[in-house]
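K.L.:
heads up, no residue letters with this:
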């Protein structure tokens, strides 16, 4: 592919001591992993990492596990065990046109083993410092040649660290929660015939820890559930993929994402592959006083042309149209009315790429992209009202802003790959330039309400544009049963 598209085999990372997904991704030169004192992990691609980083789209077998309400990924709650992962696809740079909005820094797509054709059975337990104990169990059942299922469980318990207790005492006047997590996942597959398969996936997870978010702390437990149905069928027109899924999140408030998509991948000529897709998404949150949500309708297309044995070209475009709305009552002194949330806008995104392969096995990759990162539901409509202890009589509203703009990311990149057969290795090198427009920060703009001067609001702020350039290099090799790699990245 024209985009930088490294694959990770988690079994190799497990041999090197990785015990969770952030540690697996840490092997990549483009990835940055930030851990808060209590073990909370935040992963970014090519910088701009923050607590609950909103720039990385994370998928599990194509289903979004990125939590739209906060604009983040809770890595403890992804319902998958390392032993059931076949590979992890990591796509760097904005890829909204190929994977959907919020793929502004990159995409992590976790692909598990096939419940019909693969057999994964494992039980594992590990223990560590701070009273950390974790375990996982995976069981695969092959009921027939056409029907298979895989069930997995996992979780951990640990003791809160001293720094978490200090933060909790300062903000909450209590000790921190001891971190823990539990996840369950079922993957059921049935081949209706040799050309058609249906899949049913269901999951549940619950996680507690002192979670840092923006200017404060989240103390509510995160509880998620999901149900996904998919159908893939080889037809006379091409490969038809239909997907319907629903993700639920409860974290003091309830959030529900429902998605339906349909795509056709066809090969109209030997050197041409096309993809046409449509998607409908509903994202809503019950705030107790009212309901905030948006609907997104998207159309996308892709054309891949093998122009010659040496040259391949790829073009992808996507258009998203978003309709935001709110109904119900609002807190007293809130700076917006429901009518302020009646907003609509549309955004285009694209990915362009070319790969040129040389006779000696080298390859040159060129790509350009425009990506779109939507505000989270809290960016649009947070409505938390808290007293200010050091200023009696003063109220602080941590509010969203319905006029918050999406982040637009432009990226231009060139990469070069060279096999080094003498040492059984491959050298990869890439340089890139990136511009981010309308970057935002949650709860960072203060507004004193003129009608109620004893009330202050903290709103999201559009903090301007940013440009970045850099390069990444990696050298990976294998010799017998030994695998090794060297990686380096530079960003400014």
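P.N.:
All right, it came through fine. Computed from a prediction, not measured in an experiment: that's the story for all the values here.
K.L.:
quick one: the strands in the stretch 351-492 of the chain?
P.N.:
Using DSSP state E, counting those that start in this stretch, the strands of the stretch 351-492 of the chain run over 363-373, 383-387, 395-399, 407-420, 425-448, 455-479, 482-491.
K.L.:
ugh, typo on my part, it should be the stretch 151-300 of the chain
P.N.:
Under DSSP E, counting those that start in this stretch, the stretch 151-300 of the chain gives strands at 180-193, 196-208, 211-213, 216-218, 222-234, 239-250, 254-269, 272-286, 290-305.
K.L.:
can the strands of the stretch 351-492 of the chain go into TSV with extra columns for mean pLDDT, distance to residue 322 and mean neighbour count?
P.N.:
Yep, even glycine has a C-beta here, placed from its N, CA and C like the rest. Output for the strands of the stretch 351-492 of the chain, formatted as TSV (pLDDT from 0 to 100; distance: least, C-beta to C-beta, whole Å; neighbours: other C-beta atoms under 10 Å):
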stretch	mean pLDDT	distance to residue 322	mean neighbour count
strand 363-373	94	10	22
strand 383-387	74	20	15
strand 395-399	80	20	20
strand 407-420	93	14	18
strand 425-448	87	15	17
strand 455-479	87	16	16
strand 482-491	85	31	13
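K.L.:
Any chance of JSON lines for the ones you listed, columns distance to residue 249?
P.N.:
Below are the strands of the stretch 351-492 of the chain laid out as JSON lines (distance: least, C-beta to C-beta, whole Å):
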{"stretch": "strand 363-373", "distance to residue 249": "19"}
{"stretch": "strand 383-387", "distance to residue 249": "17"}
{"stretch": "strand 395-399", "distance to residue 249": "19"}
{"stretch": "strand 407-420", "distance to residue 249": "22"}
{"stretch": "strand 425-448", "distance to residue 249": "18"}
{"stretch": "strand 455-479", "distance to residue 249": "20"}
{"stretch": "strand 482-491", "distance to residue 249": "32"}
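K.L.:
so which of those gets nearest residue 134?
P.N.:
The closest of the strands of the stretch 351-492 of the chain to residue 134 is strand 482-491. By C-beta to C-beta, the value is 24.9 Å.
K.L.:
hmm, who's touching that closest one?
P.N.:
Strand 482-491 has contacts (C-beta atoms under 8 Å, 6 or more residues apart in numbering) with 12, 27-30, 46-47, 468-478.
K.L.:
quick one: contacts for residue 264?
P.N.:
Residues in contact with residue 264 (C-beta under 8 Å, 6+ apart) are 237, 238, 239, 240, 241, 275, 276, 277.
K.L.:
that older thread, just name the most buried of the strands of the stretch 151-300 of the chain.
P.N.:
Most buried of the strands of the stretch 151-300 of the chain by mean neighbour count (mean count of other C-beta atoms under 10 Å) is strand 211-213; its value is a mean of 20.
K.L.:
Just the mean pLDDT for that strand, thanks.
P.N.:
What strand 211-213 shows for mean pLDDT is 66.
K.L.:
No further questions, thank you.
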